[in-house]
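Asker: I would like to see how this sequence folds:
(chains A and B)
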Amino acid sequence: GAGVSQTPSNKVTEKGKYVELRCDPISGHTALYWYRQSLGQGPEFLIYFQGTGAADDSGLPNDRFFAVRPEGSVSTLKIQRTERGDSAVYLCASSFGTGVTDTQYFGPGTRLTVL
Amino acid sequence: DAKTTQPNSMESNEEEPVHLPCNHSTISGTDYIHWYRQLPSQGPEYVIHGLTSNVNNRMASLAIAEDRKSSTLILHRATLRDAAVYYCILRRNSGGSNYKLTFGKGTLLTVNP
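Answerer: Purely as a prediction, here's the structure:
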(Lines give C-alpha, C1' and ligand atoms only; values in the text may rest on other atoms or scores of the structure.)
Protein backbone atom coordinates (compact mmCIF):
# COMPACT_ATOMS: atom_id res chain seq x y z
CA GLY A 1 0.00 0.00 0.00
CA ALA A 2 0.96 3.65 -0.21
CA GLY A 3 3.39 4.84 2.39
CA VAL A 4 4.07 8.32 3.70
CA SER A 5 4.90 10.74 0.92
CA GLN A 6 6.63 14.10 1.13
CA THR A 7 6.96 16.87 -1.40
CA PRO A 8 9.15 18.32 -2.67
CA SER A 9 12.00 15.84 -2.31
CA ASN A 10 14.48 18.71 -2.56
CA LYS A 11 14.05 22.41 -1.95
CA VAL A 12 16.70 25.06 -2.47
CA THR A 13 15.91 28.55 -1.28
CA GLU A 14 17.64 31.77 -0.41
CA LYS A 15 18.14 33.11 3.07
CA GLY A 16 15.11 35.10 4.21
CA LYS A 17 12.58 33.33 1.98
CA TYR A 18 9.47 31.43 3.05
CA VAL A 19 9.10 27.68 2.38
CA GLU A 20 6.35 25.09 2.75
CA LEU A 21 6.99 21.37 3.04
CA ARG A 22 4.14 18.92 2.55
CA CYS A 23 3.44 15.53 4.09
CA ASP A 24 0.81 12.97 3.04
CA PRO A 25 0.46 10.37 5.80
CA ILE A 26 -0.74 6.81 5.47
CA SER A 27 -4.51 6.77 5.09
CA GLY A 28 -6.26 6.23 8.41
CA HIS A 29 -3.32 7.28 10.55
CA THR A 30 -4.50 9.89 13.04
CA ALA A 31 -1.06 10.67 14.46
CA LEU A 32 1.44 12.65 12.42
CA TYR A 33 4.95 13.77 13.36
CA TRP A 34 7.64 16.04 11.95
CA TYR A 35 11.32 15.47 12.63
CA ARG A 36 14.43 17.29 11.44
CA GLN A 37 17.72 15.57 10.64
CA SER A 38 20.97 17.49 10.36
CA LEU A 39 23.97 15.97 8.63
CA GLY A 40 25.52 13.15 10.65
CA GLN A 41 22.86 13.27 13.35
CA GLY A 42 19.77 11.25 14.15
CA PRO A 43 16.33 12.78 13.54
CA GLU A 44 15.06 15.26 16.15
CA PHE A 45 11.40 15.62 17.06
CA LEU A 46 9.69 18.84 16.04
CA ILE A 47 5.91 18.50 16.40
CA TYR A 48 3.16 15.91 16.84
CA PHE A 49 -0.44 16.13 15.59
CA GLN A 50 -3.34 14.07 16.85
CA GLY A 51 -6.06 14.65 14.28
CA THR A 52 -6.16 18.31 13.36
CA GLY A 53 -4.56 19.70 16.48
CA ALA A 54 -0.92 20.08 17.40
CA ALA A 55 -0.71 18.05 20.60
CA ASP A 56 2.99 18.75 21.18
CA ASP A 57 5.03 21.44 19.41
CA SER A 58 7.81 21.50 21.97
CA GLY A 59 10.46 20.62 19.40
CA LEU A 60 9.90 23.57 17.10
CA PRO A 61 13.12 25.60 17.38
CA ASN A 62 11.53 29.06 17.28
CA ASP A 63 8.48 30.99 16.09
CA ARG A 64 9.66 30.98 12.47
CA PHE A 65 8.50 27.37 12.32
CA PHE A 66 4.81 26.53 12.13
CA ALA A 67 2.87 23.45 11.05
CA VAL A 68 -0.78 22.80 10.23
CA ARG A 69 -2.98 19.83 9.54
CA PRO A 70 -6.37 21.42 8.81
CA GLU A 71 -8.36 18.33 7.82
CA GLY A 72 -6.55 15.75 9.90
CA SER A 73 -4.70 14.24 6.96
CA VAL A 74 -2.15 16.23 4.95
CA SER A 75 0.22 18.41 6.95
CA THR A 76 2.33 21.38 5.93
CA LEU A 77 5.45 22.55 7.74
CA LYS A 78 6.03 26.26 7.16
CA ILE A 79 9.30 28.07 7.73
CA GLN A 80 9.44 31.86 7.58
CA ARG A 81 12.55 33.97 7.02
CA THR A 82 14.71 30.94 6.41
CA GLU A 83 18.27 30.88 7.75
CA ARG A 84 21.27 28.84 6.63
CA GLY A 85 21.02 26.86 9.86
CA ASP A 86 17.60 25.59 8.78
CA SER A 87 19.29 23.45 6.12
CA ALA A 88 18.48 19.83 6.95
CA VAL A 89 16.32 16.89 5.93
CA TYR A 90 12.77 17.29 7.21
CA LEU A 91 11.10 13.96 7.87
CA CYS A 92 7.42 13.25 8.34
CA ALA A 93 6.03 10.14 10.01
CA SER A 94 2.58 8.81 10.80
CA SER A 95 1.15 6.12 13.03
CA PHE A 96 -2.21 4.52 13.69
CA GLY A 97 -1.95 5.04 17.43
CA THR A 98 0.44 6.63 19.89
CA GLY A 99 1.00 3.75 22.24
CA VAL A 100 4.50 2.71 23.18
CA THR A 101 4.39 -0.20 20.74
CA ASP A 102 2.86 1.72 17.84
CA THR A 103 5.17 1.87 14.84
CA GLN A 104 5.93 5.19 13.20
CA TYR A 105 6.16 5.05 9.40
CA PHE A 106 8.49 7.61 7.89
CA GLY A 107 8.48 9.30 4.53
CA PRO A 108 11.65 9.79 2.45
CA GLY A 109 12.10 13.35 3.68
CA THR A 110 12.52 16.77 2.09
CA ARG A 111 16.08 18.01 1.82
CA LEU A 112 16.04 21.77 2.45
CA THR A 113 19.05 23.83 1.46
CA VAL A 114 19.16 27.50 2.41
CA LEU A 115 21.78 29.45 0.47
CA ASP B 1 14.78 10.04 29.55
CA ALA B 2 17.09 7.06 29.70
CA LYS B 3 19.98 7.24 27.26
CA THR B 4 21.33 4.62 24.85
CA THR B 5 24.92 4.12 23.77
CA GLN B 6 25.88 2.45 20.49
CA PRO B 7 29.17 2.04 18.62
CA ASN B 8 29.59 4.62 15.87
CA SER B 9 30.23 2.02 13.19
CA MET B 10 30.49 -1.71 12.52
CA GLU B 11 31.47 -3.78 9.55
CA SER B 12 30.25 -7.15 8.38
CA ASN B 13 30.59 -9.50 5.44
CA GLU B 14 27.67 -10.49 3.29
CA GLU B 15 25.78 -13.61 4.42
CA GLU B 16 27.38 -13.55 7.86
CA PRO B 17 25.50 -12.80 11.11
CA VAL B 18 25.74 -9.31 12.59
CA HIS B 19 25.34 -8.44 16.27
CA LEU B 20 24.65 -4.75 16.91
CA PRO B 21 24.99 -3.83 20.60
CA CYS B 22 23.18 -1.15 22.58
CA ASN B 23 23.81 -0.13 26.17
CA HIS B 24 21.01 1.42 28.22
CA SER B 25 22.20 1.16 31.81
CA THR B 26 19.64 3.68 33.14
CA ILE B 27 16.63 1.95 31.59
CA SER B 28 13.47 2.00 33.69
CA GLY B 29 11.04 -0.86 34.16
CA THR B 30 8.50 0.66 31.79
CA ASP B 31 10.91 1.40 28.93
CA TYR B 32 10.47 -0.58 25.73
CA ILE B 33 13.54 -1.12 23.54
CA HIS B 34 12.94 -0.24 19.90
CA TRP B 35 15.20 -0.50 16.88
CA TYR B 36 14.82 1.50 13.70
CA ARG B 37 17.16 1.63 10.75
CA GLN B 38 17.77 4.23 8.07
CA LEU B 39 18.89 3.16 4.63
CA PRO B 40 20.79 5.74 2.54
CA SER B 41 18.60 8.63 1.38
CA GLN B 42 15.50 7.19 3.06
CA GLY B 43 13.52 7.84 6.22
CA PRO B 44 13.94 5.53 9.21
CA GLU B 45 12.05 2.24 9.21
CA TYR B 46 10.94 0.10 12.13
CA VAL B 47 12.88 -3.10 12.75
CA ILE B 48 11.80 -4.65 16.04
CA HIS B 49 10.93 -3.92 19.66
CA GLY B 50 10.85 -5.74 22.99
CA LEU B 51 10.41 -5.28 26.73
CA THR B 52 11.98 -8.19 28.60
CA SER B 53 11.92 -11.32 26.46
CA ASN B 54 13.91 -11.98 23.32
CA VAL B 55 11.95 -11.27 20.14
CA ASN B 56 12.12 -12.54 16.58
CA ASN B 57 10.52 -11.25 13.42
CA ARG B 58 11.16 -11.61 9.71
CA MET B 59 13.77 -8.86 9.73
CA ALA B 60 15.84 -9.56 12.83
CA SER B 61 16.07 -10.87 16.37
CA LEU B 62 16.36 -8.83 19.55
CA ALA B 63 18.26 -10.27 22.49
CA ILE B 64 17.68 -8.45 25.79
CA ALA B 65 20.01 -8.94 28.74
CA GLU B 66 18.46 -10.32 31.90
CA ASP B 67 19.08 -7.04 33.76
CA ARG B 68 17.84 -5.12 30.69
CA LYS B 69 20.83 -2.82 30.78
CA SER B 70 21.86 -3.85 27.30
CA SER B 71 20.41 -5.40 24.17
CA THR B 72 21.65 -6.76 20.86
CA LEU B 73 20.03 -6.58 17.46
CA ILE B 74 20.87 -9.67 15.45
CA LEU B 75 20.75 -9.85 11.67
CA HIS B 76 21.11 -13.54 10.93
CA ARG B 77 22.53 -13.24 7.41
CA ALA B 78 23.56 -9.77 6.40
CA THR B 79 22.89 -8.67 2.84
CA LEU B 80 24.12 -5.59 1.01
CA ARG B 81 20.64 -4.17 1.48
CA ASP B 82 21.15 -4.20 5.27
CA ALA B 83 23.80 -1.46 5.04
CA ALA B 84 22.22 1.34 7.05
CA VAL B 85 22.35 3.36 10.27
CA TYR B 86 20.74 1.39 13.09
CA TYR B 87 19.14 3.27 15.97
CA CYS B 88 18.40 1.83 19.41
CA ILE B 89 15.61 3.84 21.07
CA LEU B 90 13.89 3.62 24.44
CA ARG B 91 10.17 4.41 24.66
CA ARG B 92 8.64 4.81 28.12
CA ASN B 93 5.25 3.20 28.68
CA SER B 94 3.83 5.81 30.99
CA GLY B 95 1.70 8.87 30.44
CA GLY B 96 3.15 11.76 28.60
CA SER B 97 5.31 11.81 25.52
CA ASN B 98 5.80 8.13 24.79
CA TYR B 99 4.93 8.90 21.15
CA LYS B 100 8.17 10.83 20.76
CA LEU B 101 11.11 8.92 19.25
CA THR B 102 14.45 10.12 20.61
CA PHE B 103 17.20 9.16 18.19
CA GLY B 104 20.92 9.12 18.99
CA LYS B 105 23.58 8.95 16.29
CA GLY B 106 23.12 5.22 15.81
CA THR B 107 25.53 2.62 14.39
CA LEU B 108 26.55 2.81 10.76
CA LEU B 109 26.66 -0.76 9.46
CA THR B 110 28.79 -1.46 6.42
CA VAL B 111 28.29 -4.79 4.65
CA ASN B 112 31.14 -6.01 2.48
CA PRO B 113 30.39 -8.22 -0.56
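Asker: would you mind listing what in chain B touches chain A?
Answerer: B:32, B:41-46, B:49, B:85, B:87, B:91-93, B:97-106 (C-beta under 8 Å from any C-beta of the partner chain). Placement of C-beta: from N, CA and C, glycine included.
Asker: what do you get if the cut-off is 7 Å, keeping everything else the same?
Answerer: B:32, B:42-46, B:49, B:87, B:91, B:93, B:97-101, B:103-106 (C-beta under 7 Å from any C-beta of the partner chain).
Asker: so where is chain B shaky, pLDDT-wise?
Answerer: Scanning chain B for pLDDT under 70 picks out the ranges B:1, B:95.
Asker: scratch that, chain A is what I was asking about
Answerer: A:1.
Asker: the residue nearest the centre of chain A pairs with what?
Answerer: Central residue of chain A (C-alpha atoms, centre = their mean): residue A:34, 3.2 Å from the mean position. Bridge pairing for residue A:34 (DSSP bridges) gives the partners residue A:47, residue A:92.
Asker: ok, now residue B:75?
Answerer: Beta-bridge partners of residue B:75, as defined by DSSP bridges: residue B:18.
Asker: in this structure it contacts residue B:16, no?
Answerer: No: with contact defined as C-beta atoms under 7 Å, residue B:75 does not reach residue B:16; the gap is 9.2 Å.
Asker: these two: who's more crowded?
Answerer: Neighbours were counted for residue B:75 and for residue B:16 using other C-beta atoms under 10 Å in any protein chain shown; residue B:75 has more, 21 against 12.
Asker: quick check: the more buried one vs chain A, distance?
Answerer: Residue B:75 is 19 Å from chain A, where distance means C-beta to the nearest C-beta, to the nearest Å.
Asker: next one: residue B:64
Answerer: Counting by C-beta to the nearest C-beta, the separation of residue B:64 from chain A is 15 Å.
Asker: residue contacts, that residue?
Answerer: When contacts are counted by C-beta atoms under 7 Å, 6 or more residues apart in numbering or on different chains, residue B:64 touches B:33, B:50, B:52-54, B:71.
Asker: which one of these is nearest chain A?
Answerer: Of all the contacts of residue B:64, residue B:50 has the smallest distance to chain A: 9.8 Å, by C-beta to the nearest C-beta.
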